[in-house]
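Chemist: Provided below for reference: sequence and predicted model.
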Amino acid sequence: MLKQGLFICAVLVLTMPGIFSCVNNKKDMVTTESLGTFEGKDVFLYTLTNKKGDVIRITNYGASIVEINVPDRDGQKTNVTFGYDDLDSYIKGDPYFGKVVGQYANRIAKGRFSLDGVEYTLAINNEPNTLHGGPTGWHSRAWDPEVLKNTDYPAVKFTYHKPDMEEGYPGNVVAEVVYTWTDDNEIIMDYKVTTDRNTVINITNHAYFNLHGSGQGDILDHEILIRASAFTPVDSTLIPTGELRSVEGTPFDFRTPHLTGERIGDEYDQLKLGRGYDHNFILDNIEEVDAEVYDPSTGRVLQVITDQPGVQFYTGNFLDGTQTGRGGKVYAYRSGLCLETQHFPDSPNQPGFPSVLLTPEEPFLSSTIYRFSVR
Ligand code: GAL
C-alpha cells in the first residue's frame with residue numbers, strides 16, 4: 001500500500017510538476033499550486049492534509065495561513081480563519097490576515113528606539129507609531145519555501161532573508177518559520193531568527209479566527225479563556241503606558257472563561273482606549289494551554305500554546321466589512337479575533353518589559369501551537 005501510494009505520488013509529481021509534491025507517507029500530503037509571482041519570486045499555495053483528512057492551506061507570501069478547515073461537533077467542516085482567494089487580493093487587501101509579522105510585531109512608539117547608543121528611526125505607518133514591522137515588513141514579502149521531507153506530519157518551511165536596515169531595523173536577519181499540521185489538528189509554528197549584529201525581534205502569526213466559520217457572524221458569542229493575571233494598559237495610540245495591571249476585578253480577567261461580548265462594552269478606561277479588546281496579556285505560562293476559544297454553537301475549540309511571554313487579544317475592532325475573502329466571505333466589524341503570541345508591544349522603549357534583544361550569539365527560538373478540537 002505504502003509503495004502504491006508513493007508510486008501515485010511520483011506519477012503526479014512527474015506529470016504535473018509545480019502542482020504536486022509529496023512527503024514521506026501516502027496519507028500525509030502536501031500539494032503545491034502556483035499563485036503567481038511577487039517581486040520576482042514564485043508564490044505558492046500549499047495544501048497540508050493530515051491523517052484525519054483535515055486540511056490547512058498556507059502560502060509563502062507573508063508566510064501566511066490562508067485556510068483552516070476543521071469539523072464542528074457534528075463533523076461539519078468549515079474554514080475558521082481569514083484569507084483571500086488570490087495573490088492580488090493578498091497584495092492589495094488587509095495586510096495581516098494569517099501573516100507572520102516581523103521584524104517587530106505590534107507597535108513601536110513614534111517609530112523610534114535606541115540600541116547600543118544608536119537611535120533608529122522607523123516608518124510611521126500607524127500614526128503616530130510604527131505597526132507590525134512597517135509598511136514593507138515581513139508580512140509583505142515572498143518568503144523562500146521548502147516542503148519538508150521525512151517529517152512525521154505534513155510540514156513546510158518558509159525563510160526570509162532581511163537585509164541590514166530594511167524597514168530601519170539593524171542586522172542581516174534570517175527568519176524561519178516551519179508550519180507543521182499534526183494528526184491532532186494542531187498547527188505548530190516553530191520560529192528561528194538569527195542576526196549578524198544586535199537588533200530587536202518580536203515575531204507573531206496574525207491569524208483571525210471565527211469558530212462559526214469565517215464570514216459567519218461576529219465573535220462576541222465566543223467564550224475566551226486567557227491564563228494571564230496581568231495585562232499592559234495602553235494610551236490612546238495603543239502604546240503601553242509601562243504599567244503592568246492586575247486583571248483582578250476587571251473586564252480583562254479571562255482566567256475563567258467569559259464570552260467576548262460579555263464585558264466589551266463596559267465603562268472601563270482600557271476598553272474605551274482599545275476600542276474593545278486590543279491588548280497584550282501577560283501570560284502566567286504555568287499550564288500547558290495559555291488561551292482557549294470555545295464556540296458553544298458549533299462546539300469548536302481553539303487552544304493556543306506558546307513559550308512567548310504575552311498574547312495580544314484583539315477583537316477585530318478595525319474590521320469594517322470592506323474586505324471580501326475566500327469564497328466571497330465579508331469580514332465585518334468584530335467578525336474575527338486574534339490571539340497573537342508575542343513579546344510586549346513597544347518593548348524596545350520600555351525598560352520594565354522582558355528584553356527583545358537579538359544578538360549574533362544566540363538565535364531567537366520559539367514555538368506556538370494552534371490546536372483545534374470540539375466539545
Ligand atoms: C493587531 C493590533 C491592532 C490592529 C491589527 C491590524 O495586532 O493589535 O491594533 O492594528 O493588528 O489591523
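Modeler: Good, I have the coordinates. These numbers were taken from a predicted model, which means no experiment stands behind them.
Chemist: packing partners for the helix or strand hosting residue 43?
Modeler: Taking DSSP states H and E as the definition, one finds residue 43 inside strand 41-49. The contact analysis (3 or more C-beta pairs under 8 Å, 6 or more residues apart in numbering; DSSP states H and E) places strand 41-49 against strand 29-38, strand 55-59, strand 144-147, strand 155-162, strand 173-181. Using the backbone N, CA and C atoms, a C-beta is placed for each residue, glycine as well.
Chemist: keeping just the C-alphas, turn the third one into PDB.
Modeler: Extracted in PDB, the C-alpha atoms of strand 144-147 (Å, rounded to 0.1, in the frame of the first residue of the first chain):
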ATOM      1  CA  ASP A 144      11.600  31.100   0.300                       C
ATOM      2  CA  PRO A 145       9.500  28.000   0.600                       C
ATOM      3  CA  GLU A 146      10.600  24.400   1.200                       C
ATOM      4  CA  VAL A 147       8.300  21.400   1.600                       C
END
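Chemist: report the distance from it to the chain centre.
Modeler: Relative to the centre of its chain, strand 144-147 is centred 18 Å away, using C-alpha atoms, centre = their mean, to the nearest Å.
Chemist: kindly report the same for the fourth one.
Modeler: Averaging C-alpha positions (C-alpha atoms, centre = their mean) puts strand 155-162 15 Å from its chain's average.
Chemist: those residues of the stretch 151-300 of the chain touching the ligand, which are they?
Modeler: The stretch 151-300 of the chain comes close to the ligand at residues 238, 278, as judged by C-beta under 6 Å from any ligand atom.
Chemist: look up which residues are beta-bridged to the residue nearest to residue 291 when sequence neighbours are not counted.
Modeler: Leaving aside its sequence neighbours, residue 291 sits nearest to residue 304 (C-beta to C-beta, 6 or more residues apart in numbering; 4.2 Å). Counting by DSSP bridges, residue 304 is bridged to residue 291, residue 370.
Chemist: follow-up on the earlier one: among the helices and strands packed on strand 41-49, which is the most enclosed?
Modeler: Highest mean neighbour count of those: strand 55-59, a mean of 24 (counted as mean count of other C-beta atoms under 10 Å).
Chemist: tell me the angle of that one relative to strand 155-162?
Modeler: Between strand 55-59 and strand 155-162, the angle comes out at 20 degrees (axes from the mean of the first three to the mean of the last three C-alpha atoms, to 10 degrees).
Chemist: so which residues make contact with strand 55-59?
Modeler: Under the contact criterion C-beta atoms under 8 Å, 6 or more residues apart in numbering, strand 55-59 has outside partners 35, 43-49, 64-69, 83, 90, 98, 156, 179, 181, 187.
Chemist: pull up the pairing partners for that strand, direction included.
Modeler: Strand 55-59 has these strand partners (DSSP bridges): strand 41-49 (antiparallel), strand 64-71 (antiparallel).
Chemist: nearest to the ligand, out of the ones you listed?
Modeler: strand 64-71 (14.0 Å; C-beta to the nearest ligand atom).
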